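Visitor: I would like the atomic coordinates for the input below:
(one chain, ligands or ions: 3)
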Amino acid sequence: MPDSRALRHDWTRQEVAALFALPFSDLLFQAQTQHRAFFNPNQVQVSTLCSIKTGACPEDCAYCPQSARYDTGLEREKLMAVEQVLAEAQAAKHQGATRFCMGAAWRSPKDKDLQYVTQMVAGVKALGMETCMTLGMLDTQQAQQLAAAGLDYYNHNLDTSPEFYGDIITTRTYQDRLNTLANVREAGMKVCCGGIVGMGEAENDRVGLLLTLANLPEHPESVPINLLVKVEGTPLANAADLDPFDFIRTIAVARILMPRSHVRLSAGRENMNDQTQALAFLAGANSIFYGEKLLTTANPEANKDRQLFARLGIEPEAFEVPMEPVKPVVEQYLPTPKTSGLFYNAAN
Ligand code: SAM
Ligand code: DTB
Ligand code: SF4
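Guide: Ligands and ions are numbered 1, 2, ... in the order given. The predicted model follows:
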């Protein structure tokens, strides 16, 4: 008998479009059923972002406040010092985050940068957190260096469908992105790859994005679905709002196509009400970015998220394999965290 839990990589456009066309309740029921077959539906993975190098990016991504081509009023910053990054990671851990995601506004990392980012990976891991980085395109050698440093996840988004992509970015191709994803996989790291909705794309582009993700040789372990954060000065500052139900549909279809992956309710929560976020969890989202800032824009306050989790009976997900902190390596230069207050634990 075929294994009904087997993952598929041969989805057709018609099948994916048909999921999007389902009545909302039928789609959510299917997504919730799949979610429960693979995950505890009341656990959500919690990651914190840190912009380790901000602004002045040479790329022209139309959504991005960090592109040097758009006047968004963002101050450019140099690569953060390793000690400072570790202090931020320690604070994020203290607040309850289990994964620390470090992002840099680069087209791709330079060799001279890699010695520092690999130290960041080692230091964050030594704190007992999972590590993720998003540094732009990687060649084979760079991917291998990061994997050797112990990097758990690499984030590199496809952003949208192959057809709409050229309307959003001209400085790197869709194939460039697929090559980076292949290099990351080959080096043995986990893949975090998703996209952005609400950029003026058609539903068919949301179909195309999820179809491409689901038909990769392996599903990304983590699939961030970002709702565009409209930033003044970027070409997409005045993009039309996406119907929240279409946002939820995108999450639900991602859940059905990639049932073993964590689907992240990613950027855009600051402008979402609690009900929409609850629907996203019902549709199968089981990861969020936690902490007051994404990379450069606002995210809900930690306290507000703790309350939302408590109201919904959600608890933060622990590591699959608990990791023991190796404190002595880093504690020499870490300040004592000022803040406290862990998540409410719905299991208690
Ligand atoms: N520079 C690297 C790159 O693009 O490969 C890594 C950092 S970049 C900021 C990471 C991702 O953030 C982008 O691929 C995009 O999906 C997301 N992002 C950037 N600006 C956004 C916005 N205004 N709204 C939603 N998502 C955004
Ligand atoms: C992802 O998919 N979303 C995150 C992370 N990966 C790096 C970034 C969101 C950025 C939102 C705009 C900003 O704060 O600059
Ligand atoms: Fe640069 Fe990344 Fe922003 Fe594109 S998304 S402009 S590559 S920082």
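Visitor: going forward, measure contacts and count neighbours with C-alpha atoms only.
Guide: Will do.
Visitor: which ones are touching the residue most central in space within the chain?
Guide: Nearest to the mean C-alpha position of the chain, by CA atoms, centre = their mean, lies Pro224 at 4.0 Å. Residues counted as contacts of Pro224 (CA atoms under 8 Å, 6 or more residues apart in numbering) are 192-195, 263-266.
Visitor: just confirm it is within a strand.
Guide: Yes: under DSSP: H, G, I helix; E, B strand; the rest coil, Pro224 sits within a strand.
Visitor: what's opposite it in the beta bridge?
Guide: Beta-bridge partners of Pro224, counted by DSSP bridges, are Arg264.
Visitor: tell me the spacing between it and Asp111.
Guide: 28 Å (CA to CA, to the nearest Å).
Visitor: count the neighbours of the closest residue to ligand 1 within the stretch 51-200 of the chain for me.
Guide: Closest approach between the stretch 51-200 of the chain and ligand 1, counting by CA to the nearest ligand atom: Gly136, at 3.4 Å. Other residues within reach of Gly136, judged by other CA atoms under 10 Å, total 19.
Visitor: give the closest residue to it in space, chain neighbours not counted.
Guide: Ser108 (4.4 Å; CA to CA, 6 or more residues apart in numbering).
Visitor: wait, the one you found sits on Gln142?
Guide: No: at 9.5 Å, Ser108 does not count as touching Gln142 under the criterion of CA atoms under 8 Å.
Visitor: between the two, which has more neighbouring residues?
Guide: Neighbours per residue, other CA under 10 Å: of Ser108 and Gln142, the larger number sits with Gln142, 19 against 15.
Visitor: just the element for the more buried one, please.
Guide: helix 140-149 (DSSP states H and E).
Visitor: where does the chain have its least confident helix or strand?
Guide: When the helices and strands of the chain are compared on mean pLDDT, DSSP states H and E, helix 328-331 comes out lowest with a mean of 44.
Visitor: tell me where the stretch 51-200 of the chain has strands.
Guide: Residue ranges of the strands in the stretch 51-200 of the chain, as given by DSSP state E, counting those that start in this stretch, are 99-104, 130-134, 153-155, 190-192, 195-197.
Visitor: contact partners of the last one?
Guide: The one in question is strand 195-197. 157-160, 206, 209, 224-228, 242, 247.
Visitor: pick out whichever of the residues you listed sits closest to ligand 2.
Guide: Taking CA to the nearest ligand atom as the measure, ligand 2 lies nearest Pro224 of the contacts of strand 195-197, at 4.8 Å.
Visitor: check what pLDDT the closest one gets.
Guide: Note on Pro224: pLDDT of 97.
Visitor: what of Leu342?
Guide: pLDDT at Leu342 comes out at 45.
Visitor: and Ala68, by the same measure?
Guide: You'll see Ala68 listed with a pLDDT of 94.
Visitor: now do the one 10 residues further on
Guide: Confidence per residue is given as pLDDT, and for Lys78 that number is 91.
Visitor: I'd guessed Gln66 sits against Trp106; true?
Guide: No: applying CA under 8 Å as the test, Gln66 and Trp106 come out as separate, 9.5 Å apart.
Visitor: quick check: neighbours shared by the two?
Guide: Here Gln66 and Trp106 have Cys57 as joint contacts, going by CA under 8 Å, 6+ apart.
Visitor: higher neighbour count, the two?
Guide: Comparing Gln66 with Trp106 by other CA under 10 Å, the one with more neighbours is Gln66, at 28 against 20.
Visitor: the more buried one and Asp111: what is the separation?
Guide: Distance from Gln66 to Asp111, counting by CA to CA: 21 Å.
Visitor: quick revisit: counting neighbours, which of the contacts of Pro224 comes out on top?
Guide: Neighbour tally across the contacts of Pro224 (other CA under 10 Å): the maximum, 31 neighbours, falls on Val263.
Visitor: so what's that one up against?
Guide: 222-225, 251, 254-255, 284-287.
Visitor: which of those residues sits closest to ligand 2?
Guide: Distance to ligand 2 across these (CA to the nearest ligand atom) is lowest for Pro224, with 4.8 Å.
Visitor: ok, which residues in the stretch 101-250 of the chain are in contact with ligand 2?
Guide: 103, 224, 226 (CA under 6 Å from any ligand atom).
Visitor: need the pLDDT of the first one.
Guide: The predicted structure scores Gly103 at 97 on the pLDDT scale.
Visitor: does it touch Lys53 like I think?
Guide: Yes: Gly103 sits in contact with Lys53 when judged by CA under 8 Å, with a separation of 7.0 Å.
Visitor: ok, and for the host helix or strand of Thr33, which residues are buried?
Guide: Per DSSP H and E, Thr33 falls inside helix 24-38. Under the neighbour-count criterion of 16 or more other CA atoms under 10 Å, helix 24-38 has 27-28, 30-35 buried.
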